[in-house]
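S.K.: quick check, what structure comes out for this input:
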Amino acid sequence: MSKITEQQRAQLLHMVRDAKQDCLDCDGCFEHLAEFTELELLGQPIPEAMQIVQQHLEQCPCCQAEHSMLLDAL
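M.R.: Predicted coordinates for the structure are as follows:
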């Protein structure tokens, strides 16, 4: 079994520390990611209901990568 690196350990601790109680999971984030990204690109305000997507993106490197690819594609 491989050990986690110090960087991975720090990232995990950061994610746990900053986790919010009502977080969206990755599947839920993906469901709303296109709409969120469109609003972002159009410079539209992000509705309160969509802010949970932004909170998830701040914590999830996997979804951040997906969001980045979607931004590049659009």
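
S.K.: in stretch 17-36, what's buried?
M.R.: 24, 29-30, 33, 36 (16 or more other CB atoms under 10 Å). From N, CA and C alone the C-beta is placed, and that goes for glycine too.

S.K.: work out for me the element residue 46 sits within.
M.R.: Here residue 46 is covered by no helix or strand, with elements defined by DSSP states H and E.

S.K.: now do the phi/psi pair for it.
M.R.: Backbone torsions of residue 46, given as degrees, to the nearest 10, read phi -80, psi 120.

S.K.: list the residues that contact it.
M.R.: 36, 39-40, 53-54 (CB atoms under 8 Å, 6 or more residues apart in numbering).

S.K.: roughly how far does it sit from residue 15?
M.R.: 22 Å (CB to CB, to the nearest Å).

S.K.: hmm, who's touching the helix or strand of the chain with the lowest mean pLDDT?
M.R.: Every helix and strand of the chain was ranked by mean pLDDT, DSSP states H and E. The lowest is helix 6-18, at a mean of 83. Outside helix 6-18, the residues that touch it by CB under 8 Å, 6+ apart are 4, 58-59, 61.

S.K.: where does pLDDT dip in the protein?
M.R.: For the chain, the stretches flagged by pLDDT under 70 are 1, 19-23.

S.K.: residue nearest the middle of it, spatially speaking?
M.R.: The centroid of the chain falls nearest to residue 57 when counting by CA atoms, centre = their mean (1.4 Å).

S.K.: that residue reaches residue 70, doesn't it?
M.R.: No - the criterion here is CB atoms under 8 Å, and residue 57 misses it with residue 70 at 10.9 Å.
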